[in-house]
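Trainee: Predicted model and sequence follow; I will ask about them next.
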Amino acid sequence: MTATPLVSIITPARNAARYLAETVESVRAQDWPAVEHIVIDDGSTDSGATTAVLARYPHLRAWSRENRGQYATMNEGLRAARGTWVLFLSADDLLAPHAIRQAMATAHRHPAAQVIYGRWRKIDPDGRPLPVQTQLSGRLPRRLFVYLDHISHCALFARREALLSGEHSFDESVRYTGDAIWIQRLIDAGLPMRFVDAVLAEYRVHPAQTVQRAGRQAIEAEQRRYVAAAGASWRLVQATAAAERWRSRALKAACILRTGGPPALIRTARGWQQRRRT
């Protein structure tokens, strides 16, 4: 490749000290020569633990201010970014090795592309891959993405100018589904997209996540709004989501039974039942 466009990685962080260093190191380890990493401390209340992690990395473009919310913080990072391409990486997620190079190689081969996205892998709090992973092909018609093709913002690179000129920012009025709404808006806008058949990021699943602590009804209300905006069928979305949940739980149950025996499976099943009641 002859061109080395600057890539901006934007990380909103709030009370993020536990995983933030791993996130920063995953960006720092990329084999791409032109990277800026923006980290915005969104009003952390952890007695300075998050800012202490940031202080260990003088190469970051980092600052702190009062709490405004995750999606307002991501918009702020987008406005501050200087890169040709941007990616939004949460403070508990990781960029996979060579992720930027693979995405930029695809961008080089397809200069008209405005969005480059790839696979992503779910990991547990300790960074171990979970037994069930989201299937992503990149070959579905765009109108079906809302049902079956699960794109994650941590594995999606977008041209900054395309986002700014098209006013493709995050909806700051939502709390849980702003990234899904944002990606659907990019799809609806018809931005040229290219798929990278490789794992570009790791998405950490842990109890402290905002979405894990949210009530089921609050999340469903936002999901309904997102599905309606996409012009999709709520019933069909629910059906495909239910099928995916059953598949996921069946595979998880088999894995838990194999590694922990019946007692571990019983404990897990009780946890699933408890979450259904909330």
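Mentor: Thanks, I have the structure now. Residues are numbered from 1 along each chain as shown.

Trainee: Which residue ranges make up each domain of the protein?
Mentor: Domain ranges of the chain: 7-232, 233-278, per automatic domain parsing.

Trainee: what's E172 in contact with, if anything?
Mentor: By CB atoms under 8 Å, 6 or more residues apart in numbering, the residues touching E172 are 68-69, 71-72, 75, 178. Yep, even glycine has a C-beta here, placed from its N, CA and C like the rest.

Trainee: Mind telling me which of the domains of the chain the model trusts least?
Mentor: Looking over the domains of the chain, mean pLDDT reaches its minimum on domain 233-278, with a mean of 68.

Trainee: how would you label G127: helix, strand or coil?
Mentor: Following DSSP: H, G, I helix; E, B strand; the rest coil, G127 is assigned to coil.

Trainee: Surely it touches E22?
Mentor: Yes - in this structure, G127 is within contact of E22 by CB atoms under 8 Å, at 7.3 Å.

Trainee: Find residues that contact each of those two.
Mentor: With CB under 8 Å, 6+ apart, G127 and E22 have common neighbours L94.

Trainee: ok, the two, which is more surrounded?
Mentor: E22 (15 against 11; other CB atoms under 10 Å).

Trainee: Next, the more buried one: secondary structure please.
Mentor: helix.

Trainee: Run through who's touching the strand ranked longest in the chain.
Mentor: When secondary structure is assigned using DSSP state E, the longest strand within the chain turns out to be strand 193-204. Contacting residues not belonging to strand 193-204 are listed as 19, 26, 89, 92-96, 99, 102-103, 106-107, 110, 113-125, 127, 129, 137-139, 142, 152, 154-155, 186-187 [CB under 8 Å, 6+ apart].

Trainee: Name only those of those residues that count as buried.
Mentor: By neighbour count, with 16 or more other CB atoms under 10 Å, the contacts of strand 193-204 hold 19, 26, 89, 92-96, 99, 102-103, 106-107, 113-123, 152, 154-155, 186-187 as buried.

Trainee: ranges for the helices of the stretch 1-150 of the chain?
Mentor: 17-28, 49-55, 70-80, 99-109, 145-148 (DSSP state H, counting those that start in this stretch).

Trainee: of all these, which lies closest to G260?
Mentor: helix 17-28 (24.6 Å; CB to CB).

Trainee: how many other residues sit next to V205?
Mentor: Using other CB under 10 Å: V205 sits among 13 other residues.
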